[in-house]
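A.B. asks: I'll drop the sequence and a predicted model, then ask my questions.
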Amino acid sequence: MHKNQLLERLNSHTAKVGIIGLGYVGLPLAVAFAEVGIEVIGVDLDPRKVEAINKGVSYIPDIPTEQVAPLAKSGKLRAANNYEALKDVDAVSICVPTPLLKTKDPDMSYVTSSLDALAPLVHPGMLIVLESTTYPGTTNELVIPKLVDGRFKVGEEVFIAFSPERIDPGNPKYGVKNTPKVIGGVTEACQEVGCAYYGQIIDQVIPVGSPTVAELVKLLENTFRAVNIGLVNELALMCDKLGVDVWEVIRAATTKPFGFMPFYPGPGLGGHCIPIDPLYLSWKMKSLNYTARFIDLASEINTSMPVYVVNKIAHALNDESKAVRGSKIAVLGVAYKKDIDDVRESPALDVIQLLEERGAVVSYHDPYVPSVRLEHGRKMESTPLTSEWLREADCVAIITNHSTFDYGWVVKTAKLVMDTRNATAGKRSGGARVVGL
Ligand SMILES: NC(=O)c1ccc[n+]([C@@H]2O[C@H](COP(=O)([O-])OP(=O)(O)OC[C@H]3O[C@@H](n4cnc5c(N)ncnc54)[C@H](O)[C@@H]3O)[C@@H](O)[C@H]2O)c1
C-alpha cells in the first residue's frame, strides 16, 4: 500500500522531496528535482547557505544564480536550518560530508548526526537514501538501526537505499541528468521506489543487488582513479631518474586504441573524494583483518608528491645558486583541480606550507580562490596576477592549470617556472627555464 502510494506521488510529481546537506552534491540535486516541478526543501546547518537559497542565490560555480532564482521565487526550492521542515516529505536524500579524522579513519559524525536528527521524523510511506560516500556496510550497520530501530518494516512501511553521488564539479559535459545513477535498495520494494525517485531527474538509473554493492561501486570508482594516479605519479618519479619526459611517454601510450586510458601525474591528490574515499574502504577492510595493499601504496605515493615538488623547486633554485630560504615563490593556482574553486585537500596547500617551513616567501594567485587558510592556521589572500609579481618571483610554481592563465606570458615573464601540470607545453620558447615533475 505505502509503496504504491509513494510511487504514484513520485511519478505524478506531487511528492515532496527533502535534501539534507546543500553543498556540491546536495544543491545540484535539489535544483534538479525542483526544475522538474517537484517541491524541494533543503536542510543545511550553515545559515549562510540557507539564506542564499531562500534569496535565490547560488554559491556553487556549476549552478548559476539564474537557475536558482526562479525556483526560489516559485517556492519549488526552499531551504531551512532545522529538520522539522522535513516532517512531511515523501523522500529524503542525505548529502552530508564524509571526511577523514586526523588519524585518517572515517569521520562519520556528520552522517550520524543527520540520521539522529532525521529519525524522529521518519514516517510510513517515506523513502530515505544516503548519498554520502561511505564504507561498505554503512546502510545496514548504521542507517537502518538509527532510522528504523524496530519501529517500521523496511520495504513495506519505509524504504531505504544507498545511491552514490558521482557528480564531477566543473565538468561541462556530465551533470546530474546525464550521469547514470547506481541504486542499491535494502529490499526489492526499496529498489523499485528508489529507481522511481531518481528516474524523475536522471536519464539512466542502474539498480544493483544491495546497498553494500552500491557503497562499494563508489569506492571502486574512486580507488581506480587513486591507484592509477599513484601509478603515473610513480612513473613520473622513475622518468625523472631516467631523464625521460613522462608526458611524452603518456602521450604516446595514449595512441593505443584499446587497453590503455591515460592518467596524468601532478603535485598530489585533492578534493573531497579521490584522496579520501579509498581510505574508507581500507579502514573497513582493516576491521576484517585484511590489508588493502593497492590503496595503501597509492596513498603513500600520492601523498608524497608535494614533498617531491618542493624538492624539485629547491634543486631548480640551487642550479641558479639560490637557497629556498628567502626565495620568493609565486604559486599559480591553489584549487585542487583546474577551473574550480574547491581547495579541500588541495596539494597546493601542502606545497605552500612545506616551502614556508623551509623559509621561502610564498604568495599565490588563484582567480577562483580569494583566500585560503593553511593547516597551521595562517590565512593567505590571493595576489593580483601582474607581470611585476611574476617577474619578482625567484620561481613561479604552476600547481593548478586553470584554463584562464596565459602560460606563454607566464614563461616569458618569469625567471624560473616549476610546471607540475605540463601546462606550458608548446609555450616554452624564448622564456624562463621550465622544470617539470
Ligand atoms: N564534491 C564532490 O565532488 C563529490 C562527488 C561525489 C560524492 N561526494 C560525496 O558527497 C558527500 C557530500 O559532499 P559535498 O562535496 O557536497 O560536501 P559539502 O561540504 O559541499 O556539502 C555538505 C553540506 O552538508 C552540510 N551539513 C553538514 N552536516 C550537516 C547536518 N548534520 N545536517 C544538515 N546539513 C549538514 C554542510 O553545511 C554542507 O553545506 C560526501 O560524502 C562526498 O564524499 C562528493
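C.D. replies: Right, received. Where do you want to start?
A.B. asks: helix, strand or coil for V182?
C.D. replies: Using DSSP: H, G, I helix; E, B strand; the rest coil, the structure places V182 in strand.
A.B. asks: What residue, apart from its backbone neighbours, is nearest whatever residue of the chain ends up closest to the ligand spatially?
C.D. replies: In the chain, the residue found nearest to the ligand is G23; the distance is 1.8 Å by CB to the nearest ligand atom. (Each C-beta comes from the backbone N, C-alpha and C, glycine too.) Across the structure, with CB to CB, 6 or more residues apart in numbering as the measure, the residue nearest G23 apart from its sequence neighbours is C95 (6.7 Å).
A.B. asks: helix, strand or coil for F258?
C.D. replies: With three-state DSSP as the criterion, F258 reads coil.
A.B. asks: for it, what are its contacts?
C.D. replies: Under the criterion of CB atoms under 8 Å, 6 or more residues apart in numbering, F258 has no contact partners.
A.B. asks: host element of Q67?
C.D. replies: Q67 belongs to helix 65-74 when assigned by DSSP states H and E.
A.B. asks: Contacts for that helix, please.
C.D. replies: For helix 65-74, the external contacting residues (CB under 8 Å, 6+ apart) are V31, A34, E35, V40, I53, N54, K55, G56, V57, S58, L77, R78.
A.B. asks: hang on, the fifth one in a helix?
C.D. replies: Yes. Assigned with three-state DSSP, I53 falls within a helix.
A.B. asks: I'd guessed E356 sits against S363; true?
C.D. replies: No. With contact defined as CB atoms under 8 Å, E356 does not count as touching S363 (10.8 Å).
A.B. asks: returning to what we had before: now the helix holding Q67: buried residues?
C.D. replies: When neighbours are counted by 16 or more other CB atoms under 10 Å, the buried residues of helix 65-74 are found to be Q67, V68, L71, A72.
A.B. asks: Contacts only, for the residue nearest to G23.
C.D. replies: Counting by CB under 8 Å, 6+ apart, C95 makes contact with I19, I20, G21, L22, G23, V25, G26, L29, E131, S132, E165.
A.B. asks: my guess is the third one contacts V92, does it?
C.D. replies: No. With contacts defined as CB under 8 Å, G21 does not count as touching V92, sitting 10.7 Å away.
A.B. asks: related to what we said a few turns ago, give me the subset of the contacts of C95 lying in helices.
C.D. replies: Using DSSP state H, the members of these that fall within helices are G26, L29.
A.B. asks: What about the contacts of C95, which are in strands?
C.D. replies: Mapping the contacts of C95 onto strands (DSSP state E) picks out I19, I20.
A.B. asks: Kindly indicate the member of the contacts of C95 with the most neighbours.
C.D. replies: I19 (30 neighbours; other CB atoms under 10 Å).
A.B. asks: How is the residue lying closest to D366 once chain neighbours are set aside assigned, secondary-structure-wise?
C.D. replies: Nearest in space to D366, with sequence neighbours left out and distances taken as CB to CB, 6+ apart, is V334 at 4.7 Å. When the structure is reduced to helix, strand and coil (three-state DSSP), V334 reads as coil.
A.B. asks: Please list the residues of this protein that sit near the ligand.
C.D. replies: Residues of the chain found near the ligand, taking CB under 6 Å from any ligand atom as the criterion, are 20-26, 43-46, 49, 95-98, 110, 113-114, 132-133, 165, 167, 169, 272-273.
A.B. asks: ok, now with 5 Å
C.D. replies: 20-21, 23-25, 44-46, 95-98, 110, 113-114, 132-133, 165, 167, 169, 272 (CB under 5 Å from any ligand atom).
A.B. asks: Which residue is the nearest non-sequential neighbour of H2?
C.D. replies: Excluding its sequence neighbours, the residue lying closest to H2 (CB to CB, 6+ apart) is G125, at 4.3 Å.
A.B. asks: correction: A335
C.D. replies: By the measure of CB to CB, 6+ apart, the closest residue to A335 outside its immediate chain neighbours is T400, 5.1 Å from it.
A.B. asks: Against K412, how distant is the spatially most central residue of the chain?
C.D. replies: Nearest to the mean C-alpha position of the chain, by CA atoms, centre = their mean, lies H272 at 3.8 Å. Counting by CB to CB, to the nearest Å, the gap between H272 and K412 amounts to 36 Å.
A.B. asks: quick one, helices of the stretch 101-250 of the chain?
C.D. replies: Using DSSP state H, counting those that start in this stretch, the helices assigned to the stretch 101-250 of the chain run over residues 109-118, 138, 144-147, 188-199, 211-242, 246-253.
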